[in-house]
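Trainee: make a model of this:
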Amino acid sequence: DGGDNGPDGAGRNAERGFHKEKRSNDTHQSTSDPEARLYKKGDGQPARLCYLGHALMENRHGLAVDGGITQATGTGERDAALAMLDRRPSRRRITLGADKAYDVRQFVKDLRERKVTPHIAIDGHLSKTGKPRVTAIDDRTKRHPGYDVSQRCRKRIEEVFGWIKASAGMAKVKLRGCARVNAAFTLNLAAYNLIRLPKLLAAPA
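Mentor: Prediction:
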């Protein structure tokens, strides 16, 4: 809902044109789930009412060690990553692999303050002037052998999300409200670990 013009024709579901209409979270809200937010994953993608799911994975075995749901915002992924890092019981130095969406100077600074080495993919897209974007990852980090290892291992997080969407049925969430969606998402992360554990235990040492 959001003050749209009336439909063209009779009936509740009559046709109407949406051409050149701009919709945002400031002007539109879901009547069935007010906590959902309009969000699009990239340029050229449609905006959908949704939540953001987050998971923190350890690289050695590919198990999810933390996760949760937040409202969909432009900084939601980075904010959730910092929150999950703050919840870890140990404060020993670790590395964190992530995709190029996390290649942001402030986020890298926040990681280093938490004794986390940022093994983040380089966001090298071109600006409107044709110049490559300046990365927040320095050469000292990129030339370390562990950086390439993290870049390979981090992609296994897609296995977690792929299972949750396809096997756990969360490709289209049937629950309403952030708390309920978060409970289902967290339960499915635990279920993924339980399914993966027998394969790890059966593997030769």
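Trainee: isn't Arg133 right up against Arg105?
Mentor: No: using C-beta atoms under 8 Å, Arg133 makes no contact with Arg105, being 11.1 Å away. The C-beta positions use only the backbone N, C-alpha and C, and glycine is treated the same way.
Trainee: hey, which strand is longest across the chain?
Mentor: Looking across the chain with DSSP state E, the single longest strand is strand 48-58.
Trainee: other residues contacting that one?
Mentor: Applying C-beta atoms under 8 Å, 6 or more residues apart in numbering, the external contacts of strand 48-58 come out as 30, 33, 35-40, 63-73, 76-77, 80-81, 84-85, 154, 156-157, 160-161, 164, 170, 173, 178, 181, 185, 189.
Trainee: and it, what's buried?
Mentor: Leu49, Cys50, Tyr51, Leu52, Gly53, His54, Ala55, Leu56, Met57 (16 or more other C-beta atoms under 10 Å).
Trainee: what packs against the helix or strand where Leu187 lies?
Mentor: For Leu187, the element it lies in under DSSP states H and E is helix 178-202. On a contact count with 3 or more C-beta pairs under 8 Å, 6 or more residues apart in numbering; DSSP states H and E, helix 178-202 meets strand 48-58, strand 63-71, helix 157-166.
Trainee: in JSON lines, list the ones you listed along with mean pLDDT.
Mentor: Below are the helices and strands packed on helix 178-202 laid out as JSON lines (pLDDT from 0 to 100):
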{"stretch": "strand 48-58", "mean pLDDT": "94"}
{"stretch": "strand 63-71", "mean pLDDT": "96"}
{"stretch": "helix 157-166", "mean pLDDT": "95"}
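Trainee: thanks again, I'm all set now.
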